[in-house]
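A.B. asks: Model the structure of this input:
(4 chains)
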2 protein chains.
Amino acid sequence: MTAAPVDFAQRVSTDAIRHRRRGEALEDAIYDAVVDELAQIGYAAFTIESVATRAHTGKASIYRRWPTKQDLVVAAFCAKAGEAFDLVGATTAATTTRDALVHVGRRICALVRGGVGEALRAVGAESSRDAELAAALDARVGCPKREALLGLLQRGVARGEVRPEAADELVAEVLPAMLLTRLVVQGLPVSDEHIERIVDNIVMPLLRPA
Amino acid sequence: MTAAPVDFAQRVSTDAIRHRRRGEALEDAIYDAVVDELAQIGYAAFTIESVATRAHTGKASIYRRWPTKQDLVVAAFCAKAGEAFDLVGATTAATTTRDALVHVGRRICALVRGGVGEALRAVGAESSRDAELAAALDARVGCPKREALLGLLQRGVARGEVRPEAADELVAEVLPAMLLTRLVVQGLPVSDEHIERIVDNIVMPLLRPA
DNA sequence: ACGGTAGGAGACGCGAGCGTTTCTTAGCTA
DNA sequence: TAGCTAAGAAACGCTCGCGTCTCCTACCGT
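C.D. replies: Presented below is the predicted three-dimensional model:
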(Lines give C-alpha, C1' and ligand atoms only; values in the text may rest on other atoms or scores of the structure.)
Protein backbone atom coordinates (compact mmCIF):
# COMPACT_ATOMS: atom_id res chain seq x y z
CA MET A 1 0.00 0.00 0.00
CA THR A 2 1.61 3.29 -1.09
CA ALA A 3 1.28 6.57 0.78
CA ALA A 4 -2.07 8.29 0.65
CA PRO A 5 -2.33 11.01 -2.04
CA VAL A 6 -1.15 14.37 -0.84
CA ASP A 7 -3.69 17.05 -0.13
CA PHE A 8 -3.16 19.57 -2.92
CA ALA A 9 -4.29 22.49 -0.81
CA GLN A 10 -1.29 21.87 1.46
CA ARG A 11 1.19 22.06 -1.40
CA VAL A 12 0.49 25.68 -2.18
CA SER A 13 2.26 27.57 0.57
CA THR A 14 -0.15 30.05 2.13
CA ASP A 15 -1.02 31.43 -1.30
CA ALA A 16 2.20 33.46 -1.36
CA ILE A 17 4.55 33.73 -4.33
CA ARG A 18 3.01 31.53 -6.94
CA HIS A 19 5.31 33.25 -9.35
CA ARG A 20 7.96 30.73 -10.38
CA ARG A 21 11.38 32.22 -11.19
CA ARG A 22 13.96 30.79 -13.59
CA GLY A 23 17.56 31.27 -14.68
CA GLU A 24 19.17 34.50 -13.64
CA ALA A 25 16.29 35.82 -11.58
CA LEU A 26 16.32 32.68 -9.50
CA GLU A 27 20.08 32.68 -9.13
CA ASP A 28 20.05 36.27 -7.95
CA ALA A 29 17.47 35.47 -5.34
CA ILE A 30 19.61 32.55 -4.16
CA TYR A 31 22.73 34.73 -4.00
CA ASP A 32 20.88 37.25 -1.89
CA ALA A 33 19.74 34.49 0.42
CA VAL A 34 23.30 33.20 0.72
CA VAL A 35 24.67 36.60 1.67
CA ASP A 36 21.89 37.22 4.17
CA GLU A 37 22.38 33.81 5.68
CA LEU A 38 26.14 34.25 6.01
CA ALA A 39 25.67 37.64 7.58
CA GLN A 40 23.08 36.47 10.06
CA ILE A 41 24.30 33.08 11.17
CA GLY A 42 27.81 32.75 9.72
CA TYR A 43 29.56 30.20 7.60
CA ALA A 44 29.60 27.60 10.37
CA ALA A 45 25.85 27.31 10.88
CA PHE A 46 25.13 27.96 7.22
CA THR A 47 22.96 25.26 5.65
CA ILE A 48 21.74 24.68 2.12
CA GLU A 49 18.37 23.88 3.58
CA SER A 50 17.85 27.28 5.15
CA VAL A 51 19.17 29.09 2.08
CA ALA A 52 16.56 27.27 0.02
CA THR A 53 13.83 28.21 2.46
CA ARG A 54 14.97 31.82 2.61
CA ALA A 55 15.06 32.07 -1.16
CA HIS A 56 11.63 30.40 -1.43
CA THR A 57 13.01 27.66 -3.59
CA GLY A 58 13.75 23.94 -3.32
CA LYS A 59 17.04 22.38 -2.36
CA ALA A 60 17.14 20.58 -5.70
CA SER A 61 17.31 23.85 -7.60
CA ILE A 62 20.42 24.72 -5.63
CA TYR A 63 22.11 21.34 -5.86
CA ARG A 64 21.42 21.29 -9.58
CA ARG A 65 23.68 24.35 -9.94
CA TRP A 66 26.29 24.11 -7.20
CA PRO A 67 27.42 20.74 -5.93
CA THR A 68 28.80 21.97 -2.62
CA LYS A 69 28.42 24.65 0.00
CA GLN A 70 31.78 26.14 -1.04
CA ASP A 71 30.81 26.37 -4.68
CA LEU A 72 27.62 28.13 -3.75
CA VAL A 73 29.28 30.60 -1.43
CA VAL A 74 32.10 31.37 -3.84
CA ALA A 75 29.62 31.88 -6.65
CA ALA A 76 27.48 34.16 -4.53
CA PHE A 77 30.52 36.23 -3.67
CA CYS A 78 31.70 36.51 -7.22
CA ALA A 79 28.24 37.63 -8.25
CA LYS A 80 27.78 40.14 -5.44
CA ALA A 81 31.35 41.38 -5.11
CA GLY A 82 31.43 43.22 -8.41
CA GLU A 83 28.51 45.37 -7.37
CA ALA A 84 29.74 46.05 -3.89
CA PHE A 85 33.47 46.47 -3.93
CA ASP A 86 34.01 49.67 -5.81
CA LEU A 87 36.13 51.40 -3.24
CA VAL A 88 37.13 54.55 -5.02
CA GLY A 89 33.61 55.21 -6.21
CA ALA A 90 32.73 58.81 -6.75
CA THR A 91 36.18 60.18 -5.97
CA THR A 92 36.90 62.66 -8.71
CA ALA A 93 40.24 63.82 -9.96
CA ALA A 94 39.67 67.12 -8.15
CA THR A 95 39.67 65.58 -4.67
CA THR A 96 42.81 65.98 -2.61
CA THR A 97 44.72 62.84 -1.67
CA ARG A 98 43.78 63.36 1.96
CA ASP A 99 40.06 63.60 1.25
CA ALA A 100 40.22 60.68 -1.17
CA LEU A 101 41.80 58.55 1.55
CA VAL A 102 39.10 59.48 4.02
CA HIS A 103 36.54 58.60 1.39
CA VAL A 104 38.10 55.19 0.74
CA GLY A 105 38.23 54.61 4.48
CA ARG A 106 34.53 55.31 4.74
CA ARG A 107 33.80 52.97 1.85
CA ILE A 108 35.76 50.16 3.49
CA CYS A 109 33.88 50.62 6.75
CA ALA A 110 30.53 50.79 5.03
CA LEU A 111 31.26 47.57 3.19
CA VAL A 112 32.49 45.63 6.17
CA ARG A 113 29.62 46.82 8.33
CA GLY A 114 26.99 45.98 5.72
CA GLY A 115 25.57 42.59 4.91
CA VAL A 116 28.24 41.72 2.39
CA GLY A 117 30.89 42.54 4.96
CA GLU A 118 29.41 40.30 7.60
CA ALA A 119 29.46 37.56 5.02
CA LEU A 120 33.01 38.54 4.20
CA ARG A 121 34.06 38.06 7.79
CA ALA A 122 32.41 34.67 7.93
CA VAL A 123 34.00 33.52 4.71
CA GLY A 124 37.36 35.04 5.55
CA ALA A 125 37.48 32.88 8.64
CA GLU A 126 36.95 29.78 6.58
CA SER A 127 39.47 30.79 3.97
CA SER A 128 42.37 29.72 6.19
CA ARG A 129 41.27 26.17 5.61
CA ASP A 130 40.05 26.58 2.05
CA ALA A 131 42.59 27.82 -0.45
CA GLU A 132 40.08 28.08 -3.27
CA LEU A 133 37.84 30.28 -1.21
CA ALA A 134 40.81 32.40 -0.17
CA ALA A 135 41.86 32.85 -3.79
CA ALA A 136 38.38 33.83 -4.92
CA LEU A 137 38.16 36.28 -2.06
CA ASP A 138 41.50 37.88 -2.78
CA ALA A 139 40.77 38.26 -6.47
CA ARG A 140 37.44 39.94 -5.78
CA VAL A 141 38.28 42.01 -2.74
CA GLY A 142 41.99 42.18 -2.04
CA CYS A 143 43.30 42.97 -5.49
CA PRO A 144 40.84 45.73 -6.36
CA LYS A 145 41.49 47.32 -2.99
CA ARG A 146 45.25 47.28 -3.45
CA GLU A 147 44.99 48.67 -6.95
CA ALA A 148 42.58 51.39 -5.94
CA LEU A 149 44.80 52.60 -3.13
CA LEU A 150 48.04 52.41 -5.05
CA GLY A 151 46.42 54.32 -7.91
CA LEU A 152 45.28 56.93 -5.44
CA LEU A 153 48.80 57.41 -4.14
CA GLN A 154 50.22 57.62 -7.63
CA ARG A 155 47.70 60.31 -8.48
CA GLY A 156 48.93 62.06 -5.35
CA VAL A 157 52.50 61.93 -6.62
CA ALA A 158 51.40 63.54 -9.87
CA ARG A 159 49.73 66.30 -7.91
CA GLY A 160 52.83 66.85 -5.79
CA GLU A 161 51.00 65.84 -2.60
CA VAL A 162 52.86 62.58 -2.16
CA ARG A 163 56.55 61.72 -2.08
CA PRO A 164 57.32 59.40 -5.02
CA GLU A 165 58.90 56.79 -2.71
CA ALA A 166 55.69 56.69 -0.67
CA ALA A 167 53.61 55.42 -3.58
CA ASP A 168 54.33 51.96 -2.31
CA GLU A 169 52.39 48.75 -1.69
CA LEU A 170 53.37 48.79 1.95
CA VAL A 171 52.26 52.37 2.51
CA ALA A 172 49.03 51.69 0.65
CA GLU A 173 48.30 48.89 3.11
CA VAL A 174 48.38 51.10 6.19
CA LEU A 175 44.87 52.53 5.99
CA PRO A 176 43.05 49.29 5.14
CA ALA A 177 45.16 47.39 7.66
CA MET A 178 44.24 49.68 10.52
CA LEU A 179 40.58 49.67 9.59
CA LEU A 180 40.36 45.93 9.02
CA THR A 181 42.02 44.93 12.27
CA ARG A 182 39.55 47.07 14.13
CA LEU A 183 36.56 45.94 12.12
CA VAL A 184 37.40 42.32 11.43
CA VAL A 185 39.84 41.17 14.06
CA GLN A 186 38.57 43.20 16.99
CA GLY A 187 35.00 43.56 15.79
CA LEU A 188 34.79 47.16 16.93
CA PRO A 189 32.98 49.96 15.12
CA VAL A 190 34.89 52.74 13.38
CA SER A 191 33.66 56.31 13.44
CA ASP A 192 34.27 58.95 10.80
CA GLU A 193 36.41 60.77 13.30
CA HIS A 194 38.51 57.65 13.77
CA ILE A 195 39.10 57.39 10.05
CA GLU A 196 40.19 61.02 9.91
CA ARG A 197 42.57 60.49 12.79
CA ILE A 198 44.18 57.58 11.00
CA VAL A 199 44.49 59.52 7.77
CA ASP A 200 45.74 62.73 9.37
CA ASN A 201 48.00 61.31 12.07
CA ILE A 202 49.32 58.17 10.45
CA VAL A 203 48.94 58.00 6.70
CA MET A 204 49.43 61.61 5.60
CA PRO A 205 52.62 62.13 7.60
CA LEU A 206 54.06 59.14 5.73
CA LEU A 207 53.11 60.58 2.37
CA ARG A 208 53.98 64.24 2.65
CA PRO A 209 57.00 65.53 0.78
CA ALA A 210 59.74 66.82 3.04
CA MET B 1 17.46 -10.98 28.24
CA THR B 2 20.02 -8.26 28.75
CA ALA B 3 22.96 -7.61 26.43
CA ALA B 4 25.76 -10.14 26.53
CA PRO B 5 28.66 -9.14 28.81
CA VAL B 6 31.23 -7.01 27.08
CA ASP B 7 34.54 -8.58 26.15
CA PHE B 8 36.99 -6.95 28.53
CA ALA B 9 39.91 -7.25 26.14
CA GLN B 10 38.03 -4.87 23.80
CA ARG B 11 37.59 -2.23 26.47
CA VAL B 12 41.29 -1.62 26.96
CA SER B 13 42.22 0.37 23.90
CA THR B 14 45.14 -1.45 22.27
CA ASP B 15 47.03 -1.63 25.56
CA ALA B 16 47.90 2.06 25.30
CA ILE B 17 47.62 4.62 28.09
CA ARG B 18 46.22 2.74 31.02
CA HIS B 19 47.36 5.71 33.06
CA ARG B 20 44.28 7.55 34.24
CA ARG B 21 44.71 11.29 34.68
CA ARG B 22 42.77 13.53 37.06
CA GLY B 23 42.20 17.16 37.89
CA GLU B 24 44.65 19.59 36.40
CA ALA B 25 46.61 17.07 34.37
CA LEU B 26 43.44 15.98 32.66
CA GLU B 27 42.27 19.51 32.08
CA ASP B 28 45.58 20.44 30.52
CA ALA B 29 45.37 17.50 28.15
CA ILE B 30 41.85 18.56 27.18
CA TYR B 31 42.94 22.16 26.60
CA ASP B 32 45.73 20.94 24.33
CA ALA B 33 43.25 18.84 22.41
CA VAL B 34 40.93 21.82 22.04
CA VAL B 35 43.65 24.04 20.64
CA ASP B 36 44.88 21.33 18.26
CA GLU B 37 41.36 20.66 17.13
CA LEU B 38 40.61 24.34 16.52
CA ALA B 39 43.84 24.73 14.62
CA GLN B 40 43.29 21.70 12.41
CA ILE B 41 39.60 21.78 11.63
CA GLY B 42 38.37 25.15 12.88
CA TYR B 43 35.58 26.27 15.15
CA ALA B 44 32.87 25.29 12.70
CA ALA B 45 33.69 21.61 12.45
CA PHE B 46 34.82 21.45 16.07
CA THR B 47 33.03 18.74 18.07
CA ILE B 48 33.17 17.73 21.70
CA GLU B 49 33.30 14.15 20.56
CA SER B 50 36.56 14.50 18.66
CA VAL B 51 38.14 16.58 21.42
CA ALA B 52 37.39 13.74 23.81
CA THR B 53 38.90 11.20 21.45
CA ARG B 54 41.96 13.34 20.82
CA ALA B 55 42.50 13.82 24.54
CA HIS B 56 41.95 10.11 25.19
CA THR B 57 39.14 10.82 27.55
CA GLY B 58 35.39 10.37 27.64
CA LYS B 59 32.79 12.94 26.67
CA ALA B 60 31.37 12.81 30.18
CA SER B 61 34.59 14.13 31.68
CA ILE B 62 34.30 17.14 29.43
CA TYR B 63 30.58 17.77 29.95
CA ARG B 64 31.11 17.45 33.70
CA ARG B 65 33.36 20.53 33.56
CA TRP B 66 32.08 22.70 30.72
CA PRO B 67 28.42 22.68 29.76
CA THR B 68 28.90 24.06 26.25
CA LYS B 69 31.31 24.25 23.37
CA GLN B 70 31.81 27.97 24.04
CA ASP B 71 32.64 27.44 27.69
CA LEU B 72 35.18 24.84 26.76
CA VAL B 73 36.83 26.95 24.08
CA VAL B 74 36.93 30.07 26.21
CA ALA B 75 38.39 28.12 29.11
CA ALA B 76 41.02 26.55 26.89
CA PHE B 77 42.00 29.98 25.62
CA CYS B 78 42.20 31.51 29.05
CA ALA B 79 44.40 28.64 30.18
CA LYS B 80 46.68 28.70 27.16
CA ALA B 81 46.74 32.43 26.54
CA GLY B 82 48.71 33.31 29.63
CA GLU B 83 51.57 31.08 28.59
CA ALA B 84 51.56 32.06 24.96
CA PHE B 85 50.87 35.75 24.74
CA ASP B 86 53.89 37.32 26.31
CA LEU B 87 54.71 39.64 23.46
CA VAL B 88 57.53 41.64 24.88
CA GLY B 89 59.30 38.59 26.21
CA ALA B 90 63.05 38.84 26.47
CA THR B 91 63.25 42.45 25.37
CA THR B 92 65.59 44.12 27.82
CA ALA B 93 65.77 47.76 28.74
CA ALA B 94 68.96 48.00 26.70
CA THR B 95 67.23 47.24 23.37
CA THR B 96 66.54 50.15 21.06
CA THR B 97 62.92 50.96 20.29
CA ARG B 98 63.47 49.90 16.71
CA ASP B 99 64.82 46.47 17.64
CA ALA B 100 62.17 45.99 20.29
CA LEU B 101 59.49 46.67 17.67
CA VAL B 102 61.01 44.13 15.31
CA HIS B 103 61.09 41.67 18.17
CA VAL B 104 57.43 42.23 19.02
CA GLY B 105 56.59 41.85 15.35
CA ARG B 106 58.35 38.51 15.26
CA ARG B 107 56.50 37.40 18.39
CA ILE B 108 53.15 38.31 16.88
CA CYS B 109 53.93 36.36 13.73
CA ALA B 110 55.18 33.35 15.64
CA LEU B 111 52.02 33.29 17.71
CA VAL B 112 49.61 33.65 14.84
CA ARG B 113 51.44 31.07 12.78
CA GLY B 114 51.57 28.54 15.61
CA GLY B 115 48.79 26.30 16.83
CA VAL B 116 47.37 28.84 19.23
CA GLY B 117 47.19 31.35 16.40
CA GLU B 118 45.29 29.04 14.12
CA ALA B 119 42.86 28.54 16.94
CA LEU B 120 42.79 32.27 17.41
CA ARG B 121 41.75 32.79 13.81
CA ALA B 122 39.01 30.22 14.13
CA VAL B 123 37.67 31.72 17.32
CA GLY B 124 38.05 35.28 16.11
CA ALA B 125 35.72 34.45 13.26
CA GLU B 126 33.09 33.26 15.65
CA SER B 127 33.49 36.20 17.98
CA SER B 128 31.48 38.43 15.67
CA ARG B 129 28.45 36.43 16.66
CA ASP B 130 29.45 35.70 20.24
CA ALA B 131 30.06 38.72 22.43
CA GLU B 132 31.25 36.67 25.39
CA LEU B 133 33.88 34.98 23.28
CA ALA B 134 34.94 38.31 21.85
CA ALA B 135 35.32 39.79 25.33
CA ALA B 136 37.38 36.87 26.58
CA LEU B 137 39.55 37.10 23.53
CA ASP B 138 40.13 40.81 23.86
CA ALA B 139 40.98 40.56 27.56
CA ARG B 140 43.52 37.83 26.93
CA VAL B 141 45.03 38.91 23.67
CA GLY B 142 44.04 42.42 22.68
CA CYS B 143 44.66 44.23 25.97
CA PRO B 144 48.09 42.74 26.74
CA LYS B 145 49.17 43.50 23.20
CA ARG B 146 48.06 47.13 23.43
CA GLU B 147 49.69 47.59 26.80
CA ALA B 148 52.94 46.00 25.70
CA LEU B 149 53.24 48.21 22.67
CA LEU B 150 52.23 51.38 24.38
CA GLY B 151 54.73 50.67 27.15
CA LEU B 152 57.38 50.13 24.55
CA LEU B 153 56.70 53.49 22.98
CA GLN B 154 56.70 55.22 26.34
CA ARG B 155 60.08 53.69 27.12
CA GLY B 156 61.19 55.06 23.75
CA VAL B 157 60.07 58.55 24.79
CA ALA B 158 62.14 58.27 27.97
CA ARG B 159 65.15 57.28 25.87
CA GLY B 160 64.61 60.20 23.52
CA GLU B 161 63.97 57.92 20.56
CA VAL B 162 60.29 58.68 20.28
CA ARG B 163 58.37 61.93 20.04
CA PRO B 164 56.12 62.27 23.11
CA GLU B 165 53.03 62.82 20.94
CA ALA B 166 53.72 59.55 19.13
CA ALA B 167 53.33 57.43 22.28
CA ASP B 168 49.73 57.03 21.28
CA GLU B 169 47.19 54.18 21.07
CA LEU B 170 46.70 54.79 17.39
CA VAL B 171 50.40 54.73 16.57
CA ALA B 172 50.85 51.63 18.71
CA GLU B 173 48.24 49.90 16.57
CA VAL B 174 50.09 50.34 13.31
CA LEU B 175 52.51 47.43 13.59
CA PRO B 176 50.03 44.82 14.86
CA ALA B 177 47.44 46.05 12.39
CA MET B 178 49.70 45.59 9.40
CA LEU B 179 50.84 42.18 10.55
CA LEU B 180 47.39 40.95 11.48
CA THR B 181 45.73 41.96 8.23
CA ARG B 182 48.37 40.04 6.33
CA LEU B 183 48.31 37.06 8.65
CA VAL B 184 44.67 36.85 9.61
CA VAL B 185 42.66 38.61 6.93
CA GLN B 186 44.77 37.73 3.92
CA GLY B 187 46.26 34.53 5.32
CA LEU B 188 49.69 35.30 3.87
CA PRO B 189 53.03 34.55 5.53
CA VAL B 190 55.22 37.35 6.87
CA SER B 191 58.99 37.20 6.57
CA ASP B 192 61.48 38.78 8.94
CA GLU B 193 62.41 41.12 6.16
CA HIS B 194 58.79 42.17 5.82
CA ILE B 195 58.61 42.98 9.51
CA GLU B 196 61.76 45.09 9.26
CA ARG B 197 60.36 46.95 6.27
CA ILE B 198 57.22 47.79 8.21
CA VAL B 199 59.18 48.94 11.22
CA ASP B 200 61.78 50.92 9.26
CA ASN B 201 59.56 52.41 6.57
CA ILE B 202 56.28 52.90 8.37
CA VAL B 203 56.48 52.83 12.14
CA MET B 204 59.86 54.42 12.87
CA PRO B 205 59.26 57.44 10.62
CA LEU B 206 56.12 58.13 12.66
CA LEU B 207 58.00 57.95 15.93
CA ARG B 208 61.19 59.81 15.24
CA PRO B 209 61.65 63.23 16.80
CA ALA B 210 61.91 66.01 14.24
C1' DA C 1 43.68 -2.53 52.51
C1' DC C 2 39.34 -0.70 51.41
C1' DG C 3 35.79 2.20 49.70
C1' DG C 4 34.28 6.28 47.40
C1' DT C 5 34.95 9.19 43.66
C1' DA C 6 35.82 10.15 39.15
C1' DG C 7 38.08 8.60 34.56
C1' DG C 8 38.02 5.93 30.17
C1' DA C 9 35.07 4.00 26.96
C1' DG C 10 31.18 3.60 24.43
C1' DA C 11 25.90 2.57 23.76
C1' DC C 12 21.69 5.13 23.38
C1' DG C 13 17.80 7.83 21.46
C1' DC C 14 17.27 12.23 19.49
C1' DG C 15 17.28 15.91 16.14
C1' DA C 16 19.43 18.34 12.23
C1' DG C 17 21.03 18.59 7.83
C1' DC C 18 22.59 15.94 4.06
C1' DG C 19 21.84 14.78 -0.89
C1' DT C 20 18.28 12.26 -3.53
C1' DT C 21 13.94 11.51 -5.20
C1' DT C 22 9.13 12.18 -6.12
C1' DC C 23 5.29 14.85 -7.43
C1' DT C 24 2.55 18.64 -9.31
C1' DT C 25 2.56 22.51 -12.15
C1' DA C 26 4.40 27.18 -14.13
C1' DG C 27 6.51 29.01 -17.90
C1' DC C 28 8.98 28.77 -22.09
C1' DT C 29 9.35 27.06 -26.96
C1' DA C 30 8.04 24.88 -31.12
C1' DT D 1 -1.70 25.16 -27.91
C1' DA D 2 0.93 21.02 -26.77
C1' DG D 3 4.89 19.42 -24.82
C1' DC D 4 9.01 19.69 -22.42
C1' DT D 5 11.85 21.27 -18.98
C1' DA D 6 12.74 22.74 -14.61
C1' DA D 7 10.72 25.18 -10.23
C1' DG D 8 8.77 24.72 -5.74
C1' DA D 9 7.85 21.82 -2.08
C1' DA D 10 8.40 18.07 0.73
C1' DA D 11 9.30 13.04 1.99
C1' DC D 12 13.08 9.84 2.36
C1' DG D 13 16.92 7.21 4.30
C1' DC D 14 21.31 8.34 6.02
C1' DT D 15 25.02 10.02 8.83
C1' DC D 16 26.81 12.68 12.49
C1' DG D 17 27.13 14.84 16.76
C1' DC D 18 24.51 15.86 20.64
C1' DG D 19 23.97 15.18 25.73
C1' DT D 20 22.88 11.36 28.89
C1' DC D 21 23.71 7.16 30.91
C1' DT D 22 25.88 2.88 32.18
C1' DC D 23 29.77 0.03 32.97
C1' DC D 24 34.11 -1.23 34.82
C1' DT D 25 38.18 0.16 37.15
C1' DA D 26 42.23 3.24 38.45
C1' DC D 27 43.36 6.37 41.71
C1' DC D 28 43.30 8.63 46.27
C1' DG D 29 42.23 9.46 51.02
C1' DT D 30 41.72 7.36 55.51
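A.B. asks: Local confidence estimate at the closest residue to residue A:142 other than its chain neighbours?
C.D. replies: Excluding the flanking residues, the one nearest residue A:142 by Cβ to Cβ, 6 or more residues apart in numbering or on different chains is residue B:186, at 6.3 Å. Where C-beta positions appear, they are placed from N, C-alpha and C, glycine not excepted. In this model, residue B:186 is scored at 77, pLDDT.
A.B. asks: Residue B:186 - how many residues pack around it?
C.D. replies: 20 (other Cβ atoms under 10 Å in any protein chain shown).
A.B. asks: what do you get for residue A:145?
C.D. replies: Neighbours around residue A:145, by other Cβ under 10 Å: 23.
A.B. asks: Quick check: the gap between it and chain B.
C.D. replies: Residue A:145 sits 10 Å away from chain B when distances are taken as Cβ to the nearest Cβ, to the nearest Å.
A.B. asks: What sits closest to residue A:35 if chain neighbours are left out?
C.D. replies: Using Cβ to Cβ, 6+ apart, the closest residue to residue A:35 is residue A:119 (4.9 Å).
A.B. asks: Which secondary structure state does that neighbour sit in?
C.D. replies: With DSSP: H, G, I helix; E, B strand; the rest coil as the basis, residue A:119 sits in helix.
A.B. asks: Hmm, it is touching residue A:41, no?
C.D. replies: No: when contacts are counted by Cβ atoms under 8 Å, residue A:119 is not listed as touching residue A:41 (10.6 Å).
A.B. asks: between the two, who's got more neighbours?
C.D. replies: residue A:119 (25 against 15).
A.B. asks: quick one, what contacts the more buried one?
C.D. replies: Contacts for residue A:119 were tallied using Cβ atoms under 8 Å, 6 or more residues apart in numbering or on different chains; they are A:34, A:35, A:38, A:39, A:77.
A.B. asks: For it, give me the pLDDT.
C.D. replies: 72.
A.B. asks: go on, residue A:183?
C.D. replies: For residue A:183, the model assigns a pLDDT of 83.
A.B. asks: Quick check, it in contact with residue A:109.
C.D. replies: Yes: under the criterion of Cβ under 8 Å, residue A:183 makes contact with residue A:109 at 6.7 Å.
A.B. asks: Name the residues contacting each of those two.
C.D. replies: residue A:190.
A.B. asks: Can you give me the neighbour number for residue A:112?
C.D. replies: Residue A:112: 18 neighbours (other Cβ under 10 Å).
A.B. asks: Now do the same contact list for the closest residue to it other than its chain neighbours.
C.D. replies: Leaving aside its sequence neighbours, residue A:112 sits nearest to residue A:183 (Cβ to Cβ, 6+ apart; 4.6 Å). With contact taken as Cβ under 8 Å, 6+ apart, residue A:183 is in contact with A:108, A:109, A:112, A:113, A:117, A:189, A:190.
A.B. asks: Minimum distance to DNA strand D, which residue of chain A gives it?
C.D. replies: Chain A approaches DNA strand D most closely through residue A:58 (2.6 Å), counting by Cβ to the nearest atom of the strand.
A.B. asks: so who does that residue touch?
C.D. replies: Neighbours of residue A:58 in contact, by Cβ under 8 Å, 6+ apart: residue A:52.
A.B. asks: how close does it get to residue B:156?
C.D. replies: 63 Å (Cβ to Cβ, to the nearest Å).
A.B. asks: Residue A:56 too?
C.D. replies: From residue A:56 to residue B:156 the distance is 60 Å (Cβ to Cβ).
A.B. asks: more crowded one of these two?
C.D. replies: residue B:156 (23 against 16).
A.B. asks: I figured that one hits residue B:164, correct?
C.D. replies: No: in terms of Cβ under 8 Å, residue B:156 does not count as a neighbour of residue B:164; the distance is 9.9 Å.
A.B. asks: so what pLDDT did the residue of chain A closest to DNA strand D get?
C.D. replies: Looking at residue A:58, the pLDDT reads 92.
A.B. asks: Could I get the full set of helices for chain A?
C.D. replies: Per DSSP state H, chain A carries helices over the ranges A:8-11, A:23-45, A:48-54, A:59-63, A:69-84, A:97-113, A:115-126, A:131-137, A:143-158, A:169-180, A:192-198, A:204-207.
A.B. asks: Buried deepest among those, which one?
C.D. replies: helix A:115-126 (a mean of 23; mean count of other Cβ atoms under 10 Å in any protein chain shown).
A.B. asks: so how far is residue A:107 from residue A:192?
C.D. replies: Taking Cβ to Cβ, one finds residue A:192 at 12 Å from residue A:107.
A.B. asks: Can you pull the residues of chain A lying near chain B?
C.D. replies: A:41-44, A:118, A:121-122, A:124-129, A:134, A:138, A:142, A:168, A:170-171, A:173-174, A:176-178, A:180-182, A:184-187, A:197-198, A:201-202, A:205-206 (Cβ under 8 Å from any Cβ of the partner chain).
A.B. asks: Averaging pLDDT per element, find the lowest-scoring helix or strand in chain A.
C.D. replies: None of the helices or strands of chain A scores lower by mean pLDDT, DSSP states H and E than helix A:8-11, at a mean of 38.
A.B. asks: check contacts around the nearest residue to residue A:178 once chain neighbours are set aside.
C.D. replies: Of all residues not flanking residue A:178 in the chain, residue B:177 sits nearest, at 4.5 Å (Cβ to Cβ, 6+ apart). Contacts for residue B:177 were tallied using Cβ under 8 Å, 6+ apart; they are A:174, A:177, A:178, A:180, A:181, A:182.
A.B. asks: Which pLDDT does the model give residue B:177?
C.D. replies: pLDDT, residue B:177: 94.
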